[in-house]
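Asker: Structure here, sequence nowhere to be found:
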C-alpha cells in the first residue's frame, strides 16, 4: 500500500465549498496528501457572503487536534479562520507544549472574508499576535491583513518587502505577504522572507475571474508541499504555481467562478 503524508487544517467550514476546510481538503487531495481537519466554526456562506457564524467550543477544537495527533500525526499543519480569543489560545496552548518533532505550522491570519464579513473578532487580534504567530513557521497575510499587522498602508512591491521584514522581526517567523490586491500592477506579486532568503513571486493577473478561497488554497498548498518534504522556500514557490493554475483554469459553478484544484 502506498503511504501518504498527512497534513492537518484547523479552520472554519464553508457551506459554499469554495474556502475554509473544504478548500483545504480538496487541495491536500490534489497534491497527494491525506487531509485531516479540526473545525473551528460553522459558517453559513456562499460566494456572495457570510450570513451566519457559529464558533465551536475551544475544548472540542483542541480535542479534534489531539485526536489527529494521537494516530495520524501530521507532517505539516495550517490554520485558517480561528474567530475568537479562546480558540486561538487553545490552539497555541497545544502547539506550545508539543514535543519534538514539531511539524511546520502555516498560519493564514484570516481576518475578513472577500465579501467583507469579519472572520476574526477584533479582540482576538491580540491573541493571534501574542500567542500564535510566535509559534508559526510561516504567516501568509494578504494585503489588508499585512496592513493590520504592520499598522501602515501598503501601496507598492517595495512596501510589501518592508512589511515582510517588519513582520519577521516582530514575530520571528517566515512571512509571505500576498500582494494580489495591489492596484496598478500587471502581475500578482508576493514577497517571501525568512530572515535569510527573499523571494519575489509573480504571475500575470487572470482577468474576468472573481475567485473565492484563494488564500485558503494557497496556504493549504504550502502545507501540503511541506508535508511532502519540500523545504519552506521551495514549498512556497510550488504553491504559487499551484494557485496560479487553479485561478487560470477556474470552473463555472452556478453563477460563480470556483478554483480548479484538480491536477
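Answerer: Thanks, I have it. Nothing here was measured: the structure is a model prediction, and the numbers come from that model.
Asker: What pLDDT does the model give the residue most central in space within the chain?
Answerer: Within the chain, one residue has its C-alpha closest to the average C-alpha position: by C-alpha atoms, centre = their mean, that is residue 108, at 3.2 Å. As predicted, residue 108 sits at a pLDDT of 97.
Asker: quick one, longest strand in the chain?
Answerer: Counting residues, the longest strand found in the chain (DSSP state E) is strand 34-46.
Asker: contacting residues for the residue nearest to the centre of the chain?
Answerer: By C-beta atoms under 8 Å, 6 or more residues apart in numbering, residue 108 lies in contact with 11, 78-80, 139-140, 215-216, 218-219. (Glycine included, C-beta is placed from N, CA and C.)
Asker: in its sheet, what does the longest strand of the chain sit against?
Answerer: Paired strands of strand 34-46, with direction, are strand 6-14 (parallel), strand 49-55 (antiparallel) (DSSP bridges).
Asker: just to revisit the earlier point, now do the residue nearest to the centre of the chain against residue 23, distance only.
Answerer: Applying C-beta to C-beta, to the nearest Å, the value for residue 108 to residue 23 is 11 Å.
Asker: ok, now residue 70?
Answerer: Counting by C-beta to C-beta, the gap from residue 70 to residue 23 is 26 Å.
Asker: Look at these two and report which has more neighbours.
Answerer: Neighbour totals were compared for residue 70 and residue 23, and residue 23 leads with 29 against 8 (other C-beta atoms under 10 Å).
Asker: Mind pulling up the pLDDT for residue 26?
Answerer: For residue 26, the model assigns a pLDDT of 97.
Asker: Would you confirm that it contacts residue 263?
Answerer: No: counting by C-beta atoms under 8 Å, residue 26 does not reach residue 263; the two are 11.1 Å apart.
Asker: In terms of neighbours, single out the busier of those two.
Answerer: residue 26 (23 against 10).
Asker: and the nearest residue to that one once chain neighbours are set aside, what is it in contact with?
Answerer: Spatial nearest neighbour of residue 26, chain neighbours left out: residue 261 (4.9 Å); criterion: C-beta to C-beta, 6 or more residues apart in numbering. For residue 261, the contact set (C-beta under 8 Å, 6+ apart) comprises 23, 26-27, 30, 217, 242, 246.
Asker: Out of the residues you listed, the closest to residue 161 would be?
Answerer: Set against residue 161, the nearest of the contacts of residue 261 by C-beta to C-beta is residue 242 (23.4 Å).
Asker: Just give me the neighbour total for the closest one.
Answerer: For residue 242, using other C-beta under 10 Å, the count is 23.
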